[in-house]
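*Asks:* Provide a 3D model corresponding to the input given below.
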Amino acid sequence: MASEDEAVEFLWTEISKAWKDIAEACQKPTPLLVALTDRVLNFARSISVIYEKEDGYTNSYLLKAHLSSLFVDLIPL
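*Replies:* Prediction:
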């Protein structure tokens, strides 16, 4: 039976592989898949932020600074 640390290491390895696949797909966009690729990439980015260090979904207070910076404290253009 795997320990929690081994499970976390395995998941980070799989996430790293998935990011490489996403980056490769973004290098060769096709007109039909551009919208889908953008949505998948944005979803992956969101998940990366939510679970970066701890479980931000369960412990939503961990995401407060991120969400404020994205939706409240707008960047002047």
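
*Asks:* quick one: contacts of the biggest helix by length in the chain?
*Replies:* Ranked by residue count, the top helix of the chain under DSSP state H comes out as helix 4-27. In this structure, residues lying in contact with helix 4-27 by C-beta atoms under 8 Å, 6 or more residues apart in numbering are 2, 33, 37, 40-41, 44, 48. Every C-beta, even on glycine, is put in place using the N, C-alpha and C of the backbone.

*Asks:* could you redo the last one with a cut-off of 10 Å?
*Replies:* With contacts defined as C-beta atoms under 10 Å, 6 or more residues apart in numbering, helix 4-27 is touched by 1-3, 33-34, 36-38, 40-41, 44-45, 47-48, 51.

*Asks:* also stretch 35-48?
*Replies:* With C-beta under 10 Å, 6+ apart, stretch 35-48 has contacts from 15, 18-19, 21-23, 25-26, 28-30, 33, 56-57, 66, 70.

*Asks:* just the buried residues of it, please?
*Replies:* Thr37 (16 or more other C-beta atoms under 10 Å).

*Asks:* what about that stretch, average pLDDT?
*Replies:* Across stretch 35-48, pLDDT averages out at 79.

*Asks:* and for stretch 19-31?
*Replies:* 80.

*Asks:* how far does it sit from the chain's center?
*Replies:* Centre-to-centre, stretch 19-31 and its host chain are 15 Å apart (C-alpha atoms, centre = their mean, to the nearest Å).

*Asks:* again with stretch 52-62
*Replies:* 13 Å.

*Asks:* could you do stretch 31-49 as well?
*Replies:* Worked out by C-alpha atoms, centre = their mean, stretch 31-49 lies 9 Å from the chain centre.

*Asks:* tell me the secondary structure at Thr30.
*Replies:* coil (DSSP: H, G, I helix; E, B strand; the rest coil).
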